[in-house]
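S.K.: Quick one: sequence plus predicted model below, questions after.
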Amino acid sequence: MRRIPIAPRENWIARCEAIGFNFHTIDYGDGTDPMYWDERAYYQFTATQIDLLESVSDELNQMCLNAVAQVIEQRRFAEFHIPEAYHAMITRSWQREAVSLYGRFDLVWDGSETPPKLLEFNADTPTSLYEASVVQWQWLNEMFPQADQFNSIHEKLLSAWQKVQQSLGRKIYFAVVRDSIEDEGTVEYLRDTAMQTGIDAPLIHLDEIGWNGKYFTDLNEQRIDVLFKLYPWEWLLREPIGTFLLREKLSIIEPAWRMILSNKAILPILWEMYPNHPNLLPAYFSPEKLGDTYVEKPILSREGGNVRVVIAGKTHLSTGGFYADEPKVYQAYQPLPNFEKNYPILGSWIIDGQACGLGIREDHSPITANSSRFLPHLFLE
Amino acid sequence: MKKSKTITLTLIAPVALSLMSCSSDEPPKDLRFNSVNDCLEYYTQEQCNNLLGKAQPLFEKQNDCESLAGSGKCQVVQSQGQSYWMPLLAGAAAGYLASQLQHSGEQRCLDRNQNGVCDDREGSAAAAGSSGYNNNSSNSGGARSNYRINIEDFKGGTRSNDNNGSNNAPAPKAWFVPEQSAKTYTPKKSFNSSVYSSLGRSAGSSSRGIAGSIGHSSAG
């Protein structure tokens, strides 16, 4: 695993926009480097390293499914702070094997003999999908067409949608919040892939979803039976339509049981079920067993919000966010590898239950936050 | 191989990627030359005469294109992120390009005869010896590039003033050579990636995709 600086394609902005990728640059309004798609460097792996990432991701995915089974079987919802009203819905969605489309593991690794470690699993609303699937693929084809890339995300999405429509039917509404270019881009890409498999895929904003007393409706009072939503479950349940979701008149992607995996309480559960597993970091519901060095994470934080790194008893680094009041979990501190003050995190994609792609985000700080940059990768035999 | 073999987008960018029928083994073969010299890097003079004689000219300005092809006879196309104006194709060639735009992976055929059978046995003599542009749209072959050129007029992509033949047609910015023509000859060396054209029609305003929803058309 090497980080190799390289001149960006001369017309890289035009190339990105030619494929509808318009959030290559993001103005955070605080003077942060606005470059999000960053091809000033790329990461190079060996085939052996990629094979390892693939098998580790597949194994982690299986472990996660086993953990969900245990949580549901033993009714451990309290540890996840999931209100009782939702327990039955989550349990039933698991029991009927409600289909999951995708998820992204965040792994920390430097390519060495030390095994990759799981930081967390974005199992409900993973983003950076289009970048990983299409944008870095385009970059590879234009820069290194002979090289390979761990990225069959697009192909796996197409086959996943074929399975989805067999179990849920051919009409799926795609819900997204307003005014988020990044979310819209991700949802438009998913609609694109769904439509290519014959799915009727209308776009709907979350606030346009109605409830008529019997079922959910769109703006034309047409019934919504199946909904893809790029919106966290726990937020959805707080929306005006949230209580009606409990009537279970709607099939939702990701399904309700993914709430267990997108909640960081899964980290101590995994460590308990698989103690000392080489790809897990020690994690607990309280910090004592980790001594004076650990990372504190809210169970429902996203994009690095309210994470606190404690080293030798001192808060070394902490991020702001909306999650300060959430219950916390504690994970052993694993520094991100430092490539000349760039700290990469490896996003390993699971589509339709299979590891199939890698997207790398890099930050100038050791905690990956929302202002990270996406870099392409390739691997050589 | 762990990368997607092809990626087609129908909503977000109907054309941009569909011509990137790329795999590691087989990069796209449609070519774009910015000048005669560009072509001469890869082919002999005679081969370039033939190739560019059958190529479609690409213009930066609509006026320039229309002064050659006629008012309303040009369309916007994109190649490697740049927009160009290209004469509309007539007859079978239009069908060829359209099908190429939609079905990048399929066998490409420059000409089909009335029975729909691929018929590419085009003589290449037409290009040689003609001077300046001749709009040969009445050519019974009818289907391939209708714009014959004399490449001697376009050294380095700029039309020389002292040999401007019979009209004032402006110099094209680049030349689009479809695969069917390009593969007539074996190039002297492998192509620079900038030669691959990935030509696509402008997405325009037809899509409700990302471009439309946030007001930036990829057409530029």
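M.R.: Nice, thanks for sending it over.

S.K.: what's residue A:236 sitting at in phi/psi?
M.R.: Here the main-chain torsion angles of residue A:236 (degrees, to the nearest 10) amount to phi -60, psi -40.

S.K.: who in the stretch 1-150 of chain A is up against chain B?
M.R.: For the stretch 1-150 of chain A, the residues in contact with chain B (Cβ under 8 Å from any Cβ of the partner chain) are A:11, A:14-15, A:17-22, A:50, A:54, A:133-134, A:137-138, A:140-143, A:145-150. For the C-beta atoms, the positions are set from N, CA and C on the backbone; glycine is no exception.

S.K.: Filter those down to the ones in helices?
M.R.: A:14, A:15, A:17, A:18, A:50, A:54, A:137, A:138, A:140, A:141, A:142, A:143 (DSSP state H).

S.K.: Can you find the helix or strand of chain B with the lowest average pLDDT?
M.R.: Least confident helix or strand of chain B, by mean pLDDT, DSSP states H and E, is helix B:210-214 with a mean of 23.

S.K.: Tell me who's in contact with the closest residue to residue A:210 other than its chain neighbours.
M.R.: Closest residue in space to residue A:210, ignoring its immediate chain neighbours: residue A:217 at 4.3 Å, by Cβ to Cβ, 6 or more residues apart in numbering or on different chains. By Cβ atoms under 8 Å, 6 or more residues apart in numbering or on different chains, the residues touching residue A:217 are A:209, A:210, A:211, A:223, A:224.

S.K.: Can you flag the buried ones in the residues you listed?
M.R.: Neighbour counting with 16 or more other Cβ atoms under 10 Å in any protein chain shown marks A:209, A:210, A:211, A:224 as buried within the contacts of residue A:217.

S.K.: how long is stretch A:90-110 end to end?
M.R.: 37 Å (Cα to Cα, to the nearest Å).

S.K.: how distant is that stretch from the center of its chain?
M.R.: Taking Cα atoms, centre = their mean, to the nearest Å, one finds stretch A:90-110 lying 10 Å from the centre of the chain it belongs to.

S.K.: Repeat that for stretch A:247-258.
M.R.: For stretch A:247-258, the distance to the chain centre is 18 Å (Cα atoms, centre = their mean).

S.K.: how about the helices in the stretch 201-350 of chain A?
M.R.: Applying DSSP state H, counting those that start in this stretch to the stretch 201-350 of chain A gives helices spanning A:233-236, A:242-245, A:258-261, A:266-273.

S.K.: which one of the ones you listed lies closest to residue A:347?
M.R.: Residue A:347 lies closest to helix A:258-261 among the helices of the stretch 201-350 of chain A, at 15.4 Å (Cβ to Cβ).

S.K.: which SS state does the closest residue to chain B within the stretch 151-300 of chain A fall under?
M.R.: Closest approach of the stretch 151-300 of chain A to chain B (Cβ to the nearest Cβ) occurs at residue A:192, with a separation of 4.0 Å. What DSSP: H, G, I helix; E, B strand; the rest coil gives for residue A:192 is helix.

S.K.: For it, grab the count of nearby residues.
M.R.: If you count neighbours by other Cβ atoms under 10 Å in any protein chain shown, residue A:192 ends up with 25.

S.K.: go on, residue B:84?
M.R.: When neighbours are counted by other Cβ under 10 Å, residue B:84 registers 24.

S.K.: before we move on, the earlier item: just the ones of the buried ones among the contacts of residue A:217 in strands?
M.R.: Counting by DSSP state E, the part of the buried ones among the contacts of residue A:217 found in strands is A:210, A:211, A:224.

S.K.: ok, the second one - contacts?
M.R.: It refers to residue A:211. A:217, A:241, A:244.

S.K.: Specify which member of those residues is nearest to residue A:93.
M.R.: Distance to residue A:93 across the contacts of residue A:211 (Cβ to Cβ) is lowest for residue A:244, with 15.8 Å.

S.K.: and the closest residue to the closest one other than its chain neighbours, what are its bridge partners?
M.R.: Of all residues not flanking residue A:244 in the chain, residue A:211 sits nearest, at 4.5 Å (Cβ to Cβ, 6+ apart). Legend: beta-bridge partners of residue A:211 under DSSP bridges are residue A:216.

S.K.: can you check residue A:224 too?
M.R.: residue A:216.

S.K.: Of all the residues in the strand or helix carrying residue B:38, which ones are buried?
M.R.: Assessed by DSSP states H and E, residue B:38 sits inside helix B:36-40. Across helix B:36-40, burial judged by 16+ other Cβ under 10 Å covers B:36, B:38, B:39, B:40.

S.K.: Now tabulate those residues in CSV and tack on pLDDT and distance to residue A:68.
M.R.: Putting the buried residues of helix B:36-40 into CSV (pLDDT from 0 to 100; distance: Cβ to Cβ, whole Å) gives the following:
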residue, pLDDT, distance to residue A:68
B:36, 82, 65
B:38, 85, 58
B:39, 87, 61
B:40, 87, 64
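
S.K.: now, which of these sits nearest residue A:280?
M.R.: Of all the buried residues of helix B:36-40, the one with the least separation from residue A:280 (Cβ to Cβ) is residue B:38, at 55.6 Å.

S.K.: Surely the closest one and residue B:195 touch.
M.R.: Yes: between residue B:38 and residue B:195 there is a contact at 7.4 Å, judged by Cβ atoms under 8 Å.

S.K.: returning to what we had before: may I see the helices of the stretch 201-350 of chain A organised as a markdown table, with mean pLDDT and mean neighbour count added?
M.R.: A markdown table is the format used below for those (pLDDT from 0 to 100; neighbours: other Cβ atoms under 10 Å in any protein chain shown):
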| stretch | mean pLDDT | mean neighbour count |
| --- | --- | --- |
| helix A:233-236 | 91 | 20 |
| helix A:242-245 | 91 | 16 |
| helix A:258-261 | 97 | 26 |
| helix A:266-273 | 98 | 21 |
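
S.K.: In a markdown table: the ones you listed, plus distance to residue A:2.
M.R.: Shown next, in a markdown table, are the helices of the stretch 201-350 of chain A (distance: least, Cβ to Cβ, whole Å):
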| stretch | distance to residue A:2 |
| --- | --- |
| helix A:233-236 | 38 |
| helix A:242-245 | 47 |
| helix A:258-261 | 32 |
| helix A:266-273 | 30 |
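
S.K.: Residue B:64 touches residue B:85, doesn't it?
M.R.: Yes: with contact defined as Cβ under 8 Å, residue B:64 counts as touching residue B:85 (7.1 Å).

S.K.: Can you tell me which helices and strands whichever strand or helix holds residue A:3 packs against?
M.R.: In this structure, residue A:3 sits in strand A:2-5 according to DSSP H and E. Applying 3 or more Cβ pairs under 8 Å, 6 or more residues apart in numbering or on different chains; DSSP states H and E, we find strand A:2-5 packed against strand A:41-46.

S.K.: now the strand it packs on against helix A:136-143, angle please.
M.R.: For strand A:41-46 against helix A:136-143, the angle by axes from the mean of the first three to the mean of the last three Cα atoms, to 10 degrees is 90 degrees.

S.K.: Report all helices and strands that strand A:41-46 contacts.
M.R.: strand A:2-5, strand A:373-375, strand A:377-380.

S.K.: In a markdown table, list the ones you listed along with distance to residue A:230 and mean neighbour count.
M.R.: What follows is the helices and strands packed on strand A:41-46, written out as a markdown table (distance: least, Cβ to Cβ, whole Å; neighbours: other Cβ atoms under 10 Å in any protein chain shown):
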| stretch | distance to residue A:230 | mean neighbour count |
| --- | --- | --- |
| strand A:2-5 | 30 | 12 |
| strand A:373-375 | 17 | 22 |
| strand A:377-380 | 24 | 20 |
